[in-house]
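**Student:** Have a look at this prediction, sequence included:
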Amino acid sequence: MADIQHAIQIASTPETVYPLIATAGAFGQWWATDIAEIEGAVELGFFDRATVYRLRLAIDNPPVQAEWICETGDQWNGTHIIFRLEAGSSGSLLRFYFVSCNTTCGELMFRLKAAAEGKSPGPLFLASGTAY
């Protein structure tokens, strides 16, 4: 299915987590600071916009699944970014699938978890670099 698969337990309900994976504004809490909504798509800019990925929400099934399709970028163009949520007794299990990616996604999942649990990790990617 996907090259990268992550699963992370989050101490929040799927209804709390879902907006963080399905809305452009919420991406700023855990993914990137350079975010724009253009013509129904979301643009994520990295490294002073040297790289821009335009994502379009292809599946919007709250609070179960959000699937984005990337429309631009040398590395991500045509890839699917899939988030699936399962309710559990201690919150949510988030399954994340990404075709052709790297371990940066693991760090993003921990930032998403912290944001969903009411912490403020901030986005991993700042306009001109990373938050490391």
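**Tutor:** Received the coordinates, thanks.

**Student:** Show the pLDDT at G129.
**Tutor:** G129 is assigned 78 on the pLDDT scale.

**Student:** give the contact list for it.
**Tutor:** F47 (CB atoms under 8 Å, 6 or more residues apart in numbering). C-beta here means a position set from N, CA and C on the backbone, and glycine is covered the same way.

**Student:** Show me what it bridges to in the sheet.
**Tutor:** Note on G129: beta-bridge partners by DSSP bridges are L126.

**Student:** Pull up the gap between it and A11, please.
**Tutor:** According to CB to CB, to the nearest Å, G129 and A11 sit 30 Å apart.

**Student:** Give me the distance between the top helix by length along the chain and the centre of its chain.
**Tutor:** Counting by DSSP state H, the longest helix found in the chain is helix 104-116. How far helix 104-116 lies from its chain's middle: 8 Å, per CA atoms, centre = their mean, to the nearest Å.

**Student:** Kindly report the same for stretch 66-78.
**Tutor:** 12 Å.

**Student:** Would you mark the buried spots in it?
**Tutor:** For stretch 66-78, the neighbour count (16 or more other CB atoms under 10 Å) marks 66-70, 73, 76 as buried.

**Student:** Let's have those residues in JSON lines, adding distance to E43.
**Tutor:** Converted to JSON lines, the buried residues of stretch 66-78 look like this (distance: CB to CB, whole Å):
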{"residue": "A66", "distance to E43": "17"}
{"residue": "E67", "distance to E43": "18"}
{"residue": "W68", "distance to E43": "12"}
{"residue": "I69", "distance to E43": "14"}
{"residue": "C70", "distance to E43": "11"}
{"residue": "G73", "distance to E43": "10"}
{"residue": "W76", "distance to E43": "12"}
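
**Student:** List just the nearest of the residues you listed to A114.
**Tutor:** Distance to A114, by CB to CB, is smallest for A66 among the buried residues of stretch 66-78, at 18.7 Å.

**Student:** That closest one reaches L55, doesn't it?
**Tutor:** No - the criterion here is CB atoms under 8 Å, and A66 misses it with L55 at 10.3 Å.

**Student:** residue closest to the middle of this protein?
**Tutor:** Residue closest to the average C-alpha location in the chain (CA atoms, centre = their mean): I21, at 5.2 Å.
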